[in-house]
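Student: here is a sequence together with a model predicted from it:
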Amino acid sequence: MTFAGVRELLATGEMRLLGLMPRATNFTFLAEVSGDVGTVLCVYKPRDGETPLWDFPEGTLHRREVAASVLATHLGWPAIPVTVLRDGPHGPGSVQLFVDVDPNEHFFTLRDTRLDAFRPVAAFDVVANNADRKSGHCLLDAQGEIWFVDHGVCFAAAPKLRTVIWDFVGDPLPPDLCAGIAQLGEDLASGALRDELSDLLAPEEVDALAHRARALARSGRYPAPASDRAYPWPPV
């Protein structure tokens with residue numbers, strides 16, 4: 001099934017809940033979505049199941065999940081499963097294609113052998129201002145693809161970057177990543193991408209996203225932690 005086909009199926013197919021996902025901070029359901037083109041498993045995070053946070057507007061985490069997928073699709077990296085905004089059995093929420101992964105693998109187990117594979121997501125997290133990149137948000141599927149999930153606390157206007165991936169501090173951005181980020185800064189000035197993200201984020205958050213993209217492209221290097229609060233807890 002094509003990317004567009006999966007996205008359309010997730011957005012319009014009939015959803016059936018299969019159960020709650022274990023160890024999730026917010027209400028997170030495993031579900032299946034069915035349509036004329038087939039059936040896929042997905043992860044449904046309803047707005048009304050979100051735990052309120054003091055530093056993010058209430059009821060916005062699911063929109064940030066979708067915005068992360070939109071941004072990654074535009075850039076072409078990192079690998080974030082297709083995610084859409086739609087109504088489900090418990091109201092509006094994010095619906096993300098389920099990826100079958102090895103539960104024993106995550107950033108800390110993969111770092112020694114696959115470190116360079118994390119350069120794109122490290123840059124993405126700077127631009128998206130990811131406040132919670134845990135090791136367990138980096139997943140390995142049976143084909144060796146590394147996927148990245150849980151982006152509900154991205155895109156704040158104020159600096160909040162917290163991640164376990166600080167291995168590249170001071171390194172030059174790979175040229176293709178730097179070029180993509182520079183183009184992103186231009187694309188966020190006006191046009192389709194800005195319009196799509198403006199439907200998901202506050203205006204000041206889209207402006208801050210554009211500012212971070214331009215600043216990172218100008219520096220051309222992975223930044224250092226800005227404070228001693230630059231690591232999420234728990235780290236996995």
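Tutor: Received, thanks.
Student: let me see the ranges of the helices in the protein.
Tutor: Listed in chain order, the helices of the chain (DSSP state H) span 3-12, 61-75, 107-114, 119-128, 175-187, 192-198, 203-219.
Student: including distance to Ala230, mean pLDDT and mean neighbour count, could the ones you listed go into a markdown table?
Tutor: (Each C-beta comes from the backbone N, C-alpha and C, glycine too.) Converted to a markdown table, those look like this (distance: least, CB to CB, whole Å; pLDDT from 0 to 100; neighbours: other CB atoms under 10 Å):
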| stretch | distance to Ala230 | mean pLDDT | mean neighbour count |
| --- | --- | --- | --- |
| helix 3-12 | 33 | 96 | 16 |
| helix 61-75 | 19 | 99 | 23 |
| helix 107-114 | 15 | 98 | 15 |
| helix 119-128 | 11 | 99 | 23 |
| helix 175-187 | 20 | 99 | 17 |
| helix 192-198 | 25 | 98 | 15 |
| helix 203-219 | 15 | 99 | 18 |
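Student: so which of those is nearest Trp233?
Tutor: helix 107-114 (14.3 Å; CB to CB).
Student: which strands and helices sit next to the closest one?
Tutor: strand 138-140 (3 or more CB pairs under 8 Å, 6 or more residues apart in numbering; DSSP states H and E).
Student: buried residues in the strand it packs on?
Tutor: Buried residues in strand 138-140, counted by 16 or more other CB atoms under 10 Å: 138-140.
Student: so which of those residues is the closest to Pro22?
Tutor: Once CB to CB is applied, the member of the buried residues of strand 138-140 that ends up nearest Pro22 is Leu139, at 15.1 Å.
Student: who's in contact with the strand ranked longest in the chain?
Tutor: Using DSSP state E to define each element, the chain has its longest strand at strand 38-46. The set of residues external to strand 38-46 that reach it, using CB atoms under 8 Å, 6 or more residues apart in numbering, is 1, 6, 9-10, 13, 15, 17-18, 21, 26-33, 61-62, 65, 88-98, 149, 152.
Student: let's see it at 7 Å
Tutor: Defining contact as CB atoms under 7 Å, 6 or more residues apart in numbering, one finds that strand 38-46 is touched by 1, 6, 9-10, 15, 21, 26-33, 62, 65, 88, 90-91, 93-98.
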